[in-house]
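Student: Whatever this is, show me its structure:
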Amino acid sequence: MKFKLNLLFLVVLFLFSLTGLFFKATLSFIVVLMHELAHAIVAKRLAVEVREIELLPFGGVAKFRDLIELNPHTEFKVAIAGPLLNFFLAAVACLLIRYQVLSQDLIWFFLRLNIMMGLFNFVPAFPLDGGRILRAKLSTKVGFKDATAQVLRISKMIAVLLTIVAIIGLYYGYINIMLVIISFFIYFVALKEGRFSHYALMQYLAKKRGKILNQGVVDAKPLVAFSNTSLKDILDKLVPQSFHTIMVIDEDCNILGFITEDELIDNLIKGNLNYKVKDLLC
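Tutor: Model (predicted):
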């Protein structure tokens with residue numbers, strides 16, 4: 001895998017060195033790198049190709065070639081690996097404090113750093129690990145589209161809440177610029193994730209036929225839809241990693257027929273999102 005240093009990363013490191021905090025800043029970035037490596041290692045073990053790990057001024061990000069968000073079990077395992085590593089490192093720090101190994105001031109800093117990073121990443125908002133963990137859990141129940149929409153709403157609420165806290169702090173003379181940056185970061189990443197989710201699902205559906213042919217057998221999930229339901233509404237209910245069959249019924253609940261996910265995909269690719277499901281019946 002590739003490792004990429006963002007230019008601002010070096011700038012921030014230089015500024016910390018001027019304030020005498022170079023060593024603690026370096027240790028922080030090492031912990032961030034280990035956090036991202038935990039994601040990457042688990043992804044590798046799950047046969048997901050890791051494209052690169054990029055270190056940013058206020059954290060890091062592991063980038064994958066596959067859309068792991070469309071496999072809830074994979075996304076859950078990859079996302080939770082980072083915070084779990086932080087809690088493991090915090091436990092190691094406790095042992096070092098107990099046996100008074102190395103500088104106690106440094107070890108206490110290392111302990112606080114890992115606890116804060118682990119807890120912060122469990123916040124259920126994009127792009128944090130907690131948001132991806134929550135989406136993975138919801139995807140198995142309500143489908144990728146609805147799960148993403150629910151986590152996006154929570155992400156925006158958290159971003160607004162952090163902004164309010166920052167404003168209140170400013171009123172009382174306590175300025176925390178990091179809180180403002182984080183709130184804006186969460187909000188705008190949530191907007192970006194919302195635009196990407198529809199594209200990601202469409203891309204996955206286009207490739208699913210090949211996956212079924214390669215695997216031979218996949219899980220099936222039945223859906224029931226009224227005849228006037230649009231294909232777009234059915235798309236929102238699809239669960240990744242399962243093959244769907246849709247039973248079409250009229251207002252009296254009489255069965256009009258069945259369509260397969262394969263037929264649905266063909267019409268979605270053609271751009272017929274506003275078609276009614278009854279239009280696909282022969």
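
Student: residue farthest from the centroid of the chain?
Tutor: Of all residues in the chain, Asp252 sits farthest from the chain's C-alpha centroid, using Cα atoms, centre = their mean; the distance is 40.8 Å.

Student: and that one, what are its phi and psi?
Tutor: Dihedral pair for Asp252: phi -100, psi 10, per degrees, to the nearest 10.

Student: what's it in contact with, if anything?
Tutor: Counting by Cβ atoms under 8 Å, 6 or more residues apart in numbering, Asp252 touches no other residue. For every residue, glycine as well, the C-beta is placed using N, CA and C.

Student: okay, it: pLDDT?
Tutor: pLDDT, Asp252: 83.

Student: Quick check: the gap between it and Phe23.
Tutor: 74 Å (Cβ to Cβ, to the nearest Å).

Student: One more: Ile158?
Tutor: Taken as Cβ to Cβ, the span from Ile158 to Phe23 is 32 Å.

Student: and what of Ile115?
Tutor: 20 Å.

Student: residue contacts, the residue nearest to the spatial centre of the chain?
Tutor: Centroid check for the chain by Cα atoms, centre = their mean gives Arg132 as the closest residue, at 3.2 Å. Shown in contact with Arg132 (Cβ under 8 Å, 6+ apart): 69, 75-76, 78-79, 126.

Student: likewise Phe109?
Tutor: Counted by Cβ under 8 Å, 6+ apart, Phe109 has contacts 24, 27.

Student: Quick check: pLDDT value at it.
Tutor: So Phe109 comes in at 87 (pLDDT).

Student: Name the secondary structure element that contains it.
Tutor: helix 104-121 (DSSP states H and E).

Student: tell me which residues of stretch 86-101 are tucked away?
Tutor: Buried residues in stretch 86-101, counted by 16 or more other Cβ atoms under 10 Å: 86, 89-90, 93, 96.

Student: Turn these into JSON lines, columns for pLDDT and distance to Ile234.
Tutor: Below are the buried residues of stretch 86-101 laid out as JSON lines (pLDDT from 0 to 100; distance: Cβ to Cβ, whole Å):
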{"residue": "Asn86", "pLDDT": "93", "distance to Ile234": "40"}
{"residue": "Leu89", "pLDDT": "92", "distance to Ile234": "45"}
{"residue": "Ala90", "pLDDT": "92", "distance to Ile234": "45"}
{"residue": "Ala93", "pLDDT": "89", "distance to Ile234": "50"}
{"residue": "Leu96", "pLDDT": "84", "distance to Ile234": "55"}
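
Student: how about the helices in the stretch 1-150 of the chain?
Tutor: 7-18, 22-45, 72-98, 104-121, 129-142, 144-171 (DSSP state H, counting those that start in this stretch).

Student: hey, which of these is tucked in deepest?
Tutor: The highest mean neighbour count among the helices of the stretch 1-150 of the chain, using mean count of other Cβ atoms under 10 Å, belongs to helix 129-142: a mean of 21.

Student: Distance-wise, check the nearest residue in space to Asp219 that is not next to it in sequence relative to Asn121.
Tutor: Of all residues not flanking Asp219 in the chain, Ser242 sits nearest, at 4.6 Å (Cβ to Cβ, 6 or more residues apart in numbering). From Ser242 across to Asn121, the span is 29 Å (Cβ to Cβ).

Student: Repeat that for Ile115.
Tutor: 11 Å.

Student: Quick check: neighbours shared by those two?
Tutor: Asn86.

Student: Could you identify the helix or strand that succeeds the helix-or-strand element of the chain with minimal mean pLDDT?
Tutor: In the chain, no helix or strand scores lower on mean pLDDT, DSSP states H and E than helix 177-215, which sits at a mean of 64. Remark: after helix 177-215, the chain's next helix or strand is strand 219-226, criterion DSSP H and E.

Student: on contacts alone, who are the packing partners of that following strand?
Tutor: helix 231-235, strand 242-249 (3 or more Cβ pairs under 8 Å, 6 or more residues apart in numbering; DSSP states H and E).

Student: so what secondary structure elements neighbour the shortest one?
Tutor: Yep, that's helix 231-235 we're talking about. Other elements packing on helix 231-235 under the criterion 3+ Cβ pairs under 8 Å, 6+ apart are strand 219-226, helix 261-269.

Student: so of those, which one's packed in deepest?
Tutor: helix 261-269 (a mean of 17).

Student: That one - what's its average pLDDT?
Tutor: 68.
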